[in-house]
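Student: just need the structure, nothing else, for what follows:
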Amino acid sequence: MADKLNEKNKLFADEYIKDLHITNAAIRAGYSKKTAHVQGHELLKKPKIQAYIQERMNKRAERTEITQDKVLNEIAKMAFVNAKSLFDDNGHLKKINELPDDITAAISGIDVGEVRSNDSLTVVVKKIKFWDKRGSLELLGKHLKLFDGDGAGKQAPKPLDPAFL
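Tutor: Alright, predicted model coming up:
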């Protein structure tokens, strides 16, 4: 497919794949800053460029083994984490290596601190922070078209639409 594109079109497509930003890709490919936005949109309408971009994105997904399913599964871990899973039956915080992978995937940070007093009393403070549950639920809801006004859902995104990733 690449042999059917001229070098400037191929360069635009390669730049577009980096960040899916049409204007920046056109500028990096050598188009005028004044017209880059319009040029980029026109270039993305061309079937040969669309096919080349899709081919490159498919190869990247295969190479990196990053799939829509993997991304959705990770978002689901953050969206559906249950803080109860952090504790044993006695209400004590489990050790990090005892937590299931789906729970640790939802953790964005752990702070551990010790406070000692003169009479050798030691208090350990542990704070566990999770990734944004609401944001994760919103991403999943958007993906599933749960938030469309009439509930009917919208047309499926085009393959070059960043939401398709």
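Student: let me know the secondary structure of the residue nearest the centre of the chain.
Tutor: Closest residue to the average C-alpha location of the chain: residue 71 at 6.5 Å, with CA atoms, centre = their mean. Residue 71 falls in the helix class when you classify it by DSSP: H, G, I helix; E, B strand; the rest coil.
Student: tell me where this structure has helices.
Tutor: Counting by DSSP state H, the chain has helices at residues 7-19, 22-28, 36-45, 47-64, 68-79, 101-104, 133-143.
Student: take those and lay them out in JSON lines including mean pLDDT and distance to residue 86.
Tutor: Just so you know, the C-beta spots here come from the backbone N, C-alpha and C atoms, and that holds for glycine as well. As requested, those are arranged in JSON lines below (pLDDT from 0 to 100; distance: least, CB to CB, whole Å):
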{"stretch": "helix 7-19", "mean pLDDT": "93", "distance to residue 86": "36"}
{"stretch": "helix 22-28", "mean pLDDT": "95", "distance to residue 86": "42"}
{"stretch": "helix 36-45", "mean pLDDT": "94", "distance to residue 86": "46"}
{"stretch": "helix 47-64", "mean pLDDT": "92", "distance to residue 86": "31"}
{"stretch": "helix 68-79", "mean pLDDT": "92", "distance to residue 86": "14"}
{"stretch": "helix 101-104", "mean pLDDT": "94", "distance to residue 86": "7"}
{"stretch": "helix 133-143", "mean pLDDT": "91", "distance to residue 86": "14"}
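Student: quick one: contacts for residue 76?
Tutor: In this structure, residue 76 makes contact with 136, 140, judged by CB atoms under 8 Å, 6 or more residues apart in numbering.
Student: distance-wise, check it relative to residue 144.
Tutor: Using CB to CB, to the nearest Å, one gets 11 Å for the distance from residue 76 to residue 144.
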